[in-house]
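K.L.:
Make a model of this:
(chains A, B, C and D)
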Amino acid sequence: MKLAFTAEENAFRDEVRAFFATALTPELAHAGRHRTSVYSSKEHALAWQKILYDQGWLVPSWPEQYGGCNWSLTQRYIFACERARAKPPALSPMGLSMLGPALLGCGTEAQKTHYLPRILRGQDYWCQGYSEPQAGSDLATLQCSAVRDGDHYVLNGTKIWTTHAQYATHMFCLVRTGTFDRPQKGITFLLLPMDAEGITITPIRFVSGAATQAQVFFDNVRVDASQRVGEENDGWTVAKYLLEFERGGGASAPGLLEAAEDLRTLAAELPDAERSALETRLAGLLTRIEALEIAELQALAETERRGSPGPGASMLKLLGTELSQALTELQVEALGTYGLVHQPGALAFESNEAPIGPAAGLTTVPFYLNNRAATIYAGSSEVQRNIISKAVLGL
Amino acid sequence: MKLAFTAEENAFRDEVRAFFATALTPELAHAGRHRTSVYSSKEHALAWQKILYDQGWLVPSWPEQYGGCNWSLTQRYIFACERARAKPPALSPMGLSMLGPALLGCGTEAQKTHYLPRILRGQDYWCQGYSEPQAGSDLATLQCSAVRDGDHYVLNGTKIWTTHAQYATHMFCLVRTGTFDRPQKGITFLLLPMDAEGITITPIRFVSGAATQAQVFFDNVRVDASQRVGEENDGWTVAKYLLEFERGGGASAPGLLEAAEDLRTLAAELPDAERSALETRLAGLLTRIEALEIAELQALAETERRGSPGPGASMLKLLGTELSQALTELQVEALGTYGLVHQPGALAFESNEAPIGPAAGLTTVPFYLNNRAATIYAGSSEVQRNIISKAVLGL
Amino acid sequence: MALVLNEDQSFIQATAAEFCASKAPVSAFRALRDNPGPAGYDEDTWRAMVELGWSGITLPEAVGGTDFGWQAMGTILEQTGRYLAASPLLSSVVLGASALSLSENRALAEVVLPQVVDGTVRLALALEESPHHQPYGAALTATASGDAVQLKGEKRFVMDGGSAEQIIVVARESGAPGDRDGLGLYLVPREAGISAVAEKLADCRAYARLTIDATVPASQRLGGAELLDAVLDRGRAALAAEMLGAAQAAFDQTIAYLKERKQFGQVIGSFQALKHRAADLFGEIELARSTVLDALSALDEGRDDAALAVSLAKAKMGEVLHAVSCEALQMHGGIGMTDEFDIGFYMKRARVQEALLGNQAFHRSRYAALAGY
Amino acid sequence: MALVLNEDQSFIQATAAEFCASKAPVSAFRALRDNPGPAGYDEDTWRAMVELGWSGITLPEAVGGTDFGWQAMGTILEQTGRYLAASPLLSSVVLGASALSLSENRALAEVVLPQVVDGTVRLALALEESPHHQPYGAALTATASGDAVQLKGEKRFVMDGGSAEQIIVVARESGAPGDRDGLGLYLVPREAGISAVAEKLADCRAYARLTIDATVPASQRLGGAELLDAVLDRGRAALAAEMLGAAQAAFDQTIAYLKERKQFGQVIGSFQALKHRAADLFGEIELARSTVLDALSALDEGRDDAALAVSLAKAKMGEVLHAVSCEALQMHGGIGMTDEFDIGFYMKRARVQEALLGNQAFHRSRYAALAGY
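P.N.:
Alright, predicted model coming up:
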């Protein structure tokens, strides 16, 4: 408990808690508790999104006119803690947490008016086209090209690691529209429908066995120029603004604290030597998570003050993802062989296949493996360290 | 116990143990147990050196004709273990472990005949002139110049971090005799007497308060050309050969194991919470030290096979020095406030000043502080990692 | 400790490397993963290993073995670990055959071991009943009645437990689960009353849950806890050797990738932060290698600190393999996350290897206890 | 938790930074180190701090203080920690005055606290009797006889114990050393029977061994273990703030050096391995800063998890300061090893700060216990 709550805030907490308790259907609760990555399925994500939307709690931090809640920082913190406790399905962040804030900051009135309500209502389901095979950590060297042809851009090239590309209705992407002295210049930020002619999607199978990512190929895909966000050749500005939200927009600590609490229960059942070793490491992690929680709260206050998270977001992304991985390490260890089980068939809601071990074990390995990507996507940990040493320390 | 001993080897161990028990005078035993750095004082080092020389055990690994013992690897290992157990004063390594092997490998017959016996008998006391203010980790950029003038070289410039320069009779040093495409070329390895005209010595006070290092200035110092080891401009070859010995020649594990054993005794007296935390860390270090011990034994066998330690020496230096620092960290912690005492006056043999805490506490901070240099000298840990990634991994 | 491999060991190592590279490369493991077949390994490949003498490498000449010892066995497992070569070496030759060769039941050993050597019988060790390694945790009951013993209970995650012809069952004769006293090891033919259900783990090796309700002659008893400890230590040291090969392979593949992948206009292996991390990993692998060699030597020499050396090796090797497999994936970046790349196999294999026969916490604790901490 | 400094706090921070930089820079500490004088700090500098109101910053207006609270005190100590400014702030204002202001003995507090605020009385807390922090370890006896209490025993490493006019002595009234029950805190004037011998530690602050044989009226009793815990937690949080300043200073000086020192033809700050280590340290310092601010807020807000927050802060800050001071020296290389460079001061100071009022192990353990582990 880092913030002292008023009576009103306590009442708010009770309200949020009651909402989660009643709003989650058994299937959504199952989906939330059996996630194997930071994403839920499109179906579960949208079902849960609709419930939040109807409640008016879908995008608390957005401006009120676009659906925000005008909550205080404390209220947002309470909501994050209760959400971590209730474990609903994950919302797809691409529209709600990434493109949405980017449009709010850099979009035209027309773009805001058209897209924001559709994002909220789940009418559009977005994916993010950033990385390319030769442009990963070195994102600015991306080659996927868009050539202006009258009122359109014509796209050719490919994007890779595009989460849920195969399920998305739209993509926001970075394309090259020019070559200048710095690779960051000449990049443009575009919005496009995934059913446009010339798009091919090839799912990528991951180490976990799942295929939530895909590679997307563009063959003379025509995009209306009105779908450009920001100026031509100046898409990097939009991308940087958006990346700060992707990296540091949220509060990861409440979820990590819940995971630590779950682990504590698991650890209690271990044989002595393993239990004491695990508890020592867990307590060590807990101190880091608590520190991160405070830092995230301060960052929220800072974001509110300046409008966007700033370069400190890199630090929070770095610490948050590494702590998340450290916790999954402990989870694998705490469950022993049950935490190593490979039984995808038993995962579905009301599956007929009896699990080899406890239900918690079924998601452990897939989540562990998928979560290794957390220190790679949205700028690898190495890139975050580069950013901190340059932007913050001036090295 | 990593090597199975024969009856003869057991007898040898008893002989060595008995020797240490009788040969160490009370003053030398005190000096050995109250070292505040890897060096003992010149006086104690030479006194102990004479005893070993008389016993014939001063340079076990040298060729027999120069004073070596022709011991098996097992015998050398036994000797190292017994020495770690007895804690005699440290021998000055500059002549015995660095210049000696370098002369054996690269010196002229005349140099060997003249210098090796004088090193063994302690008639000459050497220091090492390598680093310069602008050439530390980047040793090859050294600037101290030697210009050929008939049968002499004329030296100008400065050397820094020269251990015991103020006590040494001679220095071996690297000087620049030419400028070529690579900075490593054009360096020459010279021997010179410290009483030569034009030498000025300024001791450097360290964080520990002691001044065992000095800066040495050369003002037209004349050195006879016969004092060159190796070819002109090819001193880097000699230096590299020597550096391998400096980095990996010895076995550090037996001493580390003794230190760990001492720590275990100290830890037993700690309050509960601190004791269990410290014992956990100590047991963790112990596994690393045991692993290092095996690796060092294998490296000894490798050195015997190929004649010099090779690039693997960098790894052993890196691991050995970092373990040594980790142990001193624990020692400071185990002694609590007694391990933080600053009382140089109580350190001397038969001092009249009563120590604030136990005797072990008096050397703790000075040794701890001096030992921070272990990951800086003879190529910092960063340089060792550069060497490993380049020479071993080809990166 | 032998500080360098002798001629025999070097020859065996070279043979194993060549064999695995040509006959059991990672692509073969990938094919098995997608299509495991009844045993979870390729029977032809296994027969070829038997013909190379691998099934008898630690066994005395009297039963058809070559008696080259555990260091030789380690060099083979290092190679199978490197290539992820699937075989019953660990289950049958290391764990199973050791239980017989170290048993005081010479009569049984003399009958069965020649069959292990010639490949006609495969063994498996049925020990665990919980998801955590508990050597003395057996609850499965052994009830004597006359000259017969009835074994009744369940065993979990038995490696190759679905394909081995005979199972060595760790049973409780007296006392309670957790007691070191009161354990008995029995050699039980599958047809005597063992049914198996496959249990699939992340490494895609073959494990089974065994339901046992079998009655065997008392003469099938091999020994008690002392035998079990000795068998497990051989298994742990051998497993550590396999892990060493895996760590080395993951590291080598990563170094190769660092020299090839370009970002920011240069190969990523030229970035100093990655170089230094690679150098540190190299040092850690070397340290772990030293502990593995020492553990195998300690077994060959019958040193009285063998258990200590084995726990040191399993703990250290587990820690290093863990770090190497994580760094390997991180340094590969996105491409390392794909199933198409081999590097993920090593991570999944590593997590299971770490857990088998005692994880790092188990062996650190055992090491500390044995070292008197 | 207050998420940003308020106006008062920001002003106090700016004043403190300016004051320390001009009146008590590191060079002043160096001069004191070589020539400590009777108190171990400069009396004029201290008087100037008193004039700035620092001696009353956490005290109520009724006794002459400004009641700005612990976050304000923390901003001051962060600056004195940064510049190694020597003063009795920690001993007298944090530890000493807290014992009075939190005491139920209002009469005594009302007399003494105004004198602390105006600088005429300096206090010190005499707690430890062993080289390890043991809050309930007092063996020094308090024996009541009528209205008087006799205190008899020895205290070690009492900060500013040689110069303070009045000493708060933690004594044992009943029970055995280690018991939380049976402790009493007494305010004892030096002249009542306290003799001091200097004990010099690596940080060159002033500590003393006190030999106490004093009889004081029972009305000098301030409280028991509950008071002691509250006082110590204020001391720990304040010390953590001082450590934060030290860590930041050592880090900043190191970053500056990385931008200046050239090797291999470039500034060493351009080497990626050092950059990444610096970035990681930055993150760790920020995490530690968060915990320190939270601990100070918890004290200001009287939160019921204040003890937990304080132990978290002291443990985390200790760990981070340790890492920063070691890396700072390593990154400075040889020059960092010299007495001439300031960076070594921070390492020596750090080791002592870590140990004072409970080291990392102590507070990790206390945190775990309070968190229910």
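
K.L.:
Give the rounded mean pLDDT of stretch A:313-331.
P.N.:
Average pLDDT, stretch A:313-331: 93.

K.L.:
Mind listing what's buried along that stretch?
P.N.:
A:313-331 (16 or more other C-beta atoms under 10 Å in any protein chain shown). To be clear about C-beta, it is placed using only N, CA and C from the backbone, and glycine gets the same treatment.

K.L.:
With stretch C:327-342 instead?
P.N.:
Here stretch C:327-342 shows C:327-339, C:341-342 as buried, counting by 16+ other C-beta under 10 Å.

K.L.:
what does stretch C:249-256 give?
P.N.:
C:249-251, C:253-255.

K.L.:
now what about the one helix or strand residue C:114 maps to, what contacts it?
P.N.:
Using DSSP states H and E, residue C:114 sits within helix C:106-117. For helix C:106-117, contacts defined as C-beta atoms under 8 Å, 6 or more residues apart in numbering or on different chains pick out C:50, C:55-56, C:59, C:62-65, C:92-93, C:96-97, C:100-101, C:103, C:121-123, C:166, C:187, C:219-220, C:222.

K.L.:
I'd like the next helix or strand past that helix.
P.N.:
strand C:123-126.

K.L.:
just checking, what packs against that next one?
P.N.:
Contacts defined by 3 or more C-beta pairs under 8 Å, 6 or more residues apart in numbering or on different chains; DSSP states H and E place strand C:123-126 against helix C:97-101, strand C:148-159, strand C:166-172.

K.L.:
Would you tell me which helix is longest in chain C?
P.N.:
Using DSSP state H, we find that the single longest helix of chain C is helix C:225-258.

K.L.:
Tell me the helices and strands packed up against that one.
P.N.:
helix C:70-83, helix C:97-101, strand C:183-189, helix C:272-301, helix C:306-332, helix C:343-355.

K.L.:
Turn those into a markdown table, columns for mean pLDDT and distance to residue D:88.
P.N.:
Below are the helices and strands packed on helix C:225-258 laid out as a markdown table (pLDDT from 0 to 100; distance: least, C-beta to C-beta, whole Å):
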| stretch | mean pLDDT | distance to residue D:88 |
| --- | --- | --- |
| helix C:70-83 | 97 | 63 |
| helix C:97-101 | 98 | 70 |
| strand C:183-189 | 98 | 67 |
| helix C:272-301 | 96 | 45 |
| helix C:306-332 | 97 | 47 |
| helix C:343-355 | 97 | 54 |
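
K.L.:
looking at the ones you listed, which is closest to chain A?
P.N.:
For the helices and strands packed on helix C:225-258, proximity to chain A was assessed by C-beta to the nearest C-beta; helix C:343-355 is nearest, at 3.2 Å.

K.L.:
After the closest one, which helix or strand is next?
P.N.:
helix C:360-370.

K.L.:
pLDDT at the closest residue to residue C:255 other than its chain neighbours, what is it?
P.N.:
Distance criterion C-beta to C-beta, 6 or more residues apart in numbering or on different chains; nearest residue to residue C:255, sequence neighbours excluded, is residue B:393 at 5.5 Å. At residue B:393, the model reports a pLDDT of 95.

K.L.:
Residue B:393 touches residue C:256, doesn't it?
P.N.:
No - look at residue B:393 against residue C:256 with C-beta atoms under 8 Å: they stay out of range, at 10.3 Å.

K.L.:
Residues in contact with stretch C:251-265: which ones?
P.N.:
Under C-beta under 8 Å, 6+ apart, the answer for stretch C:251-265 is A:134, A:136-138, A:141, B:393-395, C:267-269, C:274, C:278, C:281-282, C:285, C:324, C:327-328, C:331-333, C:342-343.
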